[in-house]
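Asks: What follows is a protein structure lacking sequence information:
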């Protein structure tokens, strides 16, 4: 629950100053869904003409709000749009009632805003398997609509937190031929999932004018190299949701070939993804894992994720132990192609192992010095081909056990 | 390191009384490979005419002794056979030197015993990436041969331990048409792997007369439902080795259709497999996960292993938290077929969830009572087909973090 645990040592020094995105307004309220004494519902309202895109969990047991969003996300409309998010209850594994609860919220929000119900997207994060007290949310909708304000994005980032120890935001500006556009996003998430509470939710807004299909293609492609390349504990949420809205209020058009916009959006998504890892439950180290020389990019990702998810590697990092043998183990077990005698392993710039054995010049105290850092890079070259992948993770500490073993007991 | 951590609360009350297996003799010695003040090398010598079978890690970075065993295991021979095992050094990721060190040990053992080198199998378990000081092992071989004794199997079980907190043995007798045969086995292993130290090694002996190919088929088939159905931390060793020798000294023949022998061997393998889980690093709970109603047996195993390896489920069990939502999550993320609304979940006999929601009669204190037990069964029925699988795991505790984060530092 928010506030129960100390702020992550990897947290940024402060929440960034997020600009107003013309055409998007925010409001938050204390609805008492589960938490007491804090804002737990946020509403984002987007101007008519906004295009919406989304990416969702691939879980086979996904939540009712995710199923509802997936039905709506591909539709074209010139109506205004909205995003309603509650924390405290995930409305997941709640059977038919779950669908009805989601529909109650989106219908009420559509009425309060005077927009089509098919343009209201919702997310829920918190305890699963308990009915969402949707009437507590709908009772506050007129208050929320009355409070909508273009300057309240930071409050929105706070209202969606669960076990997060800090609110997460990121922003950038892009100069395009037609003028400058802004991108601003917020996220929550502190385990890759803890269905009781964590889940990753991300909302990104821009005043650029982007066709829905172009926005969707960009968002999907960039998710593969950002949010799909992070892992805290290898567990996948029933509720992970990434929504992006483009209001077009700047009048500046972005097309499919706008690499400047794509690069800027990648930057915001990467920043938010890294912040989620840095708020990983119990995290004390931020770890980048770079795999090169694999037979394919897919193989590279398989190896990288095998390293990133290995409990033995993550505990070694927690213990500041330069245990490169566990990296060899994780490559061996991944199932992707590897040749033991062609492996090269580096901790930051230190050459640790090569040619199937520890490097002759490697000294254990060099590796130990790297492990004492708060940010660590593990590089593996497989010597087989041109496949590469980079992923990010954190260490596995006593804090993770405490948070997840002690939460409900 | 042996003795550093307290004995697992899940350990049997004592090491079982293992019978003499006619045709097998054991010896152990303090060779000082790495550990001081304890036996660290064991030799098992099998009489001429013994058949040998083996199953090994599928890791792409497997150790030199594993590669050597795999070359030899399919050969027929009437020569005597031997198994040499050292603890303290895994001889893994040691390049060409690793192969040479293994060959030095097996050649010396063959000479000391007067048998073919191709009939000497070896295993090494301990630190990886450091050259095996093979001369410390070979220097002791004549002592070992002189000390061979049919009654020393318990000492052998002790000599192969690394982070194990108890020695592991199991035995049974089988009445067959031709008479009674005995099976006795020993094992070590306390993480599914920790390449620094853990690894699973298993050696099983019988005085039955079994053709090599029949023995191999039985061992391979039973491994799939015993040792390949346990997990402590999802990490796979570079050195996992299971060897079985049948001396034929009883004169009682076992053929491919001997279900009595197969059942008895399964019992010994299952017992040893469960003991490895019960010595899982930091384990305080032994958990059976039974999946039924899956679209196929393969799907059932995918779901079962997804549950068994989920850090969130394993920490919840450590915290005695009946967190069935995390079971739903693990099924959802596994990638195998599942329909949320057809799931049934039980903790022991308590019906927790059905029809896509918590069971109307379920009370949280019922689940909490099950979680307080030392042995817990989680059953999931998918409602899709006839696929089933049962796997075994342990909880994820502060003990696991302490053992693996603090070992080398």
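Replies: That came through fine. Predicted, not measured: the structure shown is a model, and the values here were computed from it.
Asks: so where is chain A shaky, pLDDT-wise?
Replies: By pLDDT under 70, the weakly predicted segments of chain A are A:1-4, A:191-199, A:234-236, A:406-409.
Asks: Report the outermost residue of chain A with respect to its centre.
Replies: The outermost residue of chain A, judged against the average C-alpha position, is residue A:360 (40.6 Å), by Cα atoms, centre = their mean.
Asks: State the three-state secondary structure for that residue.
Replies: coil (DSSP: H, G, I helix; E, B strand; the rest coil).
Asks: And for residue A:379?
Replies: For residue A:379, the reduced secondary structure class is strand; criterion used: three-state DSSP.
Asks: So it sits against residue A:343, correct?
Replies: No. With the criterion set as Cβ atoms under 8 Å, residue A:379 and residue A:343 do not qualify as a contacting pair; they are 11.1 Å apart. Backbone N, C-alpha and C define where each C-beta goes, glycine included.
Asks: Please identify which of those two sits among more neighbours.
Replies: Looking at residue A:379 and residue A:343 with other Cβ atoms under 10 Å in any protein chain shown, you find the greater number of neighbours at residue A:343, namely 26 against 20.
Asks: What count of nearby residues applies to residue A:247?
Replies: Residue A:247 is flanked by 24 other residues according to other Cβ under 10 Å.
Asks: Over to residue A:69?
Replies: When neighbours are defined as other Cβ under 10 Å, residue A:69 has 24 of them.
Asks: which bits of the stretch 1-150 of chain A sit near chain B?
Replies: Within the stretch 1-150 of chain A, the positions lying close to chain B (Cβ under 8 Å from any Cβ of the partner chain) are A:57, A:59-62, A:92-97, A:127-130.
Asks: Turn the buried ones among these into a named PyMOL selection, would you?
Replies: Filtering the residues of the stretch 1-150 of chain A next to chain B down to the buried ones (16 or more other Cβ atoms under 10 Å in any protein chain shown) takes a single PyMOL command:
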select buried, chain A and resi 57+59+60+61+62+92+93+94+95+127+128+129+130
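Asks: out of the residues of the stretch 1-150 of chain A next to chain B, which one sits closest to residue A:227?
Replies: Of all these, the one sitting nearest residue A:227 is residue A:57; the distance, using Cβ to Cβ, is 10.6 Å.
Asks: ok, the closest one - contacts?
Replies: Contacts for residue A:57 were tallied using Cβ atoms under 8 Å, 6 or more residues apart in numbering or on different chains; they are A:66, A:236, A:237, A:238, A:239, A:240, A:241, B:332.
Asks: Let's see that with 7 Å instead.
Replies: Neighbour list for residue A:57: A:66, A:236, A:237, A:238, A:239, A:240 [criterion: Cβ atoms under 7 Å, 6 or more residues apart in numbering or on different chains].
Asks: now those residues as TSV including neighbour count, distance to residue B:287 and secondary structure?
Replies: As requested, those are exported to TSV (neighbours: other Cβ atoms under 10 Å in any protein chain shown; distance: Cβ to Cβ, whole Å; DSSP: H, G, I helix; E, B strand; the rest coil):
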residue	neighbour count	distance to residue B:287	secondary structure
A:66	26	29	helix
A:236	26	21	coil
A:237	29	23	coil
A:238	27	22	coil
A:239	27	26	coil
A:240	26	27	coil
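Asks: Okay, helices next: where are they in chain A?
Replies: A:64-72, A:95-113, A:134-138, A:141-147, A:153-159, A:212-225, A:259-278, A:297-309, A:311-318, A:324-333, A:364-371, A:398-406 (DSSP state H).
Asks: Any figure for the gap between the closest residue to residue A:286 other than its chain neighbours and residue A:392?
Replies: On the basis of Cβ to Cβ, 6 or more residues apart in numbering or on different chains, the spatially nearest residue to residue A:286 that is not a chain neighbour turns out to be residue A:375, at 4.8 Å. Going from residue A:375 to residue A:392 by Cβ to Cβ, to the nearest Å gives 10 Å.
Asks: The nearest residue to residue A:208 once chain neighbours are set aside - how many residues pack around it?
Replies: Among residues not flanking residue A:208 along the chain, residue A:181 sits closest, at 3.9 Å (Cβ to Cβ, 6+ apart). Other residues near residue A:181 come to 30 when the count uses other Cβ under 10 Å.
Asks: same deal with residue A:173?
Replies: By other Cβ under 10 Å, the residues close to residue A:173 number 11.
Asks: For it, give the beta-bridge partners.
Replies: Partner residues in beta bridges with residue A:173, using DSSP bridges, are residue A:182.
Asks: And for residue A:187?
Replies: Applying DSSP bridges to residue A:187 yields these beta-bridge partners: residue A:168, residue A:202.
Asks: Excluding chain neighbours, give the residue nearest to residue A:266 in space.
Replies: residue A:222 (5.1 Å).
Asks: quick one: the one you found and residue A:270 touch, right?
Replies: No. Distance between residue A:222 and residue A:270: 8.5 Å, which falls outside the contact criterion (Cβ atoms under 7 Å).
Asks: Looking at the two, which one has more neighbours?
Replies: Under the neighbour definition other Cβ under 10 Å, residue A:222 and residue A:270 were set side by side, and residue A:222 has more, 23 against 18.
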